[in-house]
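Novice: starting from these lines, generate the structure:
(4 chains)
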There are 2 protein chains.
Amino acid sequence: MINELARGLELAKRSATTAPLAAKWRKLAEGRCAEKGERLTPARLAVYAEMLGHGRPLSAYELIARLEQRQGRKIAPLTVYRHLDFLMRTGLVHRLQSAQTYFPCDHPDHAHESQFLLCSSCGHVDEVESSGLETLLAQIADERGFRPDNAVVEVKGLCGVCAVGEQD
Amino acid sequence: MINELARGLELAKRSATTAPLAAKWRKLAEGRCAEKGERLTPARLAVYAEMLGHGRPLSAYELIARLEQRQGRKIAPLTVYRHLDFLMRTGLVHRLQSAQTYFPCDHPDHAHESQFLLCSSCGHVDEVESSGLETLLAQIADERGFRPDNAVVEVKGLCGVCAVGEQD
DNA sequence: GATGATTACGTTATAACATATCTTTTTGAC
DNA sequence: GTCAAAAAGATATGTTATAACGTAATCATC
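Specialist: Down below sits the predicted model:
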């Protein structure tokens, strides 16, 4: 009974220490899990919420630091890597290959391949979905007898805001 | 004089333990260095030769191991990273972002942005140069007020040979 | 040839990113 | 409640990359 009490307090503490998560994103996560037969645990949701709350790409270790600070306890790297795997499996989060960071998907309504415009000044991420580009890539592959599985397209540069900031 | 002799032997030993390098690639390297005002040292050339000799993407640490074996001495990671930086600066080598490996450029005649078809079965790299794709990427960026600096395009999948190997 | 500036190279230490392995806890079916 | 499977945690290790510092080679100028 002591244990149950302690556990109750622990759970309350954890939920109190989770970043706020708009209903929109929670519903999306629930939907994706239902589709894929995955389970949406509080820990997984907390990681997702943290990433959404940050709004910029996070490295795995930055993410760990933020979660530890919020929850007031140590979190093992592997734990977060597992959460990230889950979030990527379910299409809720992307990995930005060129920066080794992670970023929540901006296009909640459907799974898809994305392309990214990454601002090297402010860190802003613009997630683009160009069917024209996907078609062209498929065509290039096809011409060479290559059977594509997935494509990484990440353009580094300056976002509109930062580009204006620099006098051209 | 003893020192000079020792040094001479050392140099001889190193050059004897460099991977063979076709004249074509050596000329290319010399040309690029001349253009960019870089210096083509024996150590840099040895790394380049090793990569060309291997013919598949190499991680920095695989590269170190091969160089150490060939030269019979220890090589510090940073040393090789500097050589890789040089080779990338001069456009002789590409970094494959999605695999964190390095691969010599296949299109020696001019500097350019490349796209890659990466076989996840045999490791084959097909370096593609599609102006159509570059134009489309530029257009996508422009529509969003984004000023692109450089683009990573890496498609993972099965090369022609491996795709045939699998019964479709 | 001596001097000093510049660039490259070497060594050690450490940061940053990721996975392996094993144990404990939680969950959900029965 | 019992039990098996899934998830999470703890610890150690592997992999990739950079920092900080000192030394050596190269080259222009005197």
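Novice: phi, psi of residue A:121?
Specialist: Per-residue torsions, residue A:121: phi -90, psi -60 (degrees, to the nearest 10).
Novice: I'd say it and residue A:157 touch.
Specialist: No - the criterion here is C-beta atoms under 8 Å, and residue A:121 misses it with residue A:157 at 9.1 Å. (C-beta placed from N, C-alpha, C; glycine too.)
Novice: give me the pLDDT value at residue A:6.
Specialist: On the pLDDT scale, residue A:6 is placed at 41.
Novice: ditto for residue A:61
Specialist: The model reports residue A:61 with a pLDDT of 87.
Novice: pLDDT value on the closest residue to residue A:36 other than its chain neighbours, please?
Specialist: Computed as C-beta to C-beta, 6 or more residues apart in numbering or on different chains, the closest residue to residue A:36 that is not its neighbour in sequence is residue A:90, at 5.7 Å. In this prediction, residue A:90 carries a pLDDT score of 87.
Novice: try the one 4 residues further on
Specialist: Note on residue A:94: pLDDT of 91.
Novice: contacts for the helix or strand hosting it?
Specialist: Per DSSP states H and E: residue A:94 is located in strand A:93-96. Contacts of strand A:93-96 with the rest of the structure, by C-beta atoms under 8 Å, 6 or more residues apart in numbering or on different chains, involve A:48, A:51, A:57, A:84, A:87-88, A:101-105, A:114, A:116, A:118, A:125, A:127, A:154.
Novice: sorry, back to before: looking at residue A:121 and residue A:157, which one has more neighbours?
Specialist: Taking other C-beta atoms under 10 Å in any protein chain shown, residue A:121 and residue A:157 do not tie; residue A:157 has more neighbours (18 against 13).
Novice: next, the more buried one: phi, psi?
Specialist: Main-chain dihedrals, residue A:157, degrees, to the nearest 10: phi 170, psi -150.
Novice: any idea how far stretch A:152-159 is from the chain center?
Specialist: Mean-position distance between stretch A:152-159 and its chain equals 17 Å (C-alpha atoms, centre = their mean, to the nearest Å).
Novice: hmm, that stretch in reach of DNA strand C?
Specialist: No - counting by C-beta under 7 Å from any atom of the strand, DNA strand C is not contacted by stretch A:152-159; separation bottoms out at 13.1 Å.
Novice: ok, residues contacting that stretch?
Specialist: Contacts of stretch A:152-159 (C-beta under 8 Å, 6+ apart): A:96-98, A:114-122, A:124, A:126, A:133, A:137, A:163, A:166, B:97-98, B:137, B:141, B:145-156.
Novice: for the closest residue to residue A:24 other than its chain neighbours, give me the pLDDT.
Specialist: Excluding the flanking residues, the one nearest residue A:24 by C-beta to C-beta, 6+ apart is residue A:108, at 7.3 Å. Residue A:108 is assigned a predicted lDDT (pLDDT) of 71.
Novice: just the strands in chain A please.
Specialist: With DSSP state E as the criterion, chain A has strands at A:93-96, A:101-104, A:115-119, A:125-128, A:147-158.
Novice: looking at these, which is closest to residue A:61?
Specialist: Nearest to residue A:61, of all the strands of chain A, is strand A:101-104, at 10.2 Å by C-beta to C-beta.
Novice: so for the closest one, mean pLDDT?
Specialist: 92.
Novice: report the distance from that strand to the chain centre.
Specialist: The answer for strand A:101-104 is 4 Å, by C-alpha atoms, centre = their mean.
Novice: which strands or helices does it pack on?
Specialist: If you count contacts as 3 or more C-beta pairs under 8 Å, 6 or more residues apart in numbering or on different chains; DSSP states H and E, strand A:101-104 packs onto helix A:42-54, helix A:77-89, strand A:93-96.
Novice: mind putting these in CSV, mean neighbour count included?
Specialist: Shown next, in CSV, are those (neighbours: other C-beta atoms under 10 Å in any protein chain shown):
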stretch, mean neighbour count
helix A:42-54, 21
helix A:77-89, 16
strand A:93-96, 20
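Novice: still on that earlier bit, give me phi/psi at the residue nearest to residue A:36?
Specialist: Backbone torsions for residue A:90, taken as degrees, to the nearest 10, come to phi -90, psi 0.
Novice: how near is it to chain B?
Specialist: Distance, residue A:90 to chain B, by C-beta to the nearest C-beta, to the nearest Å: 20 Å.
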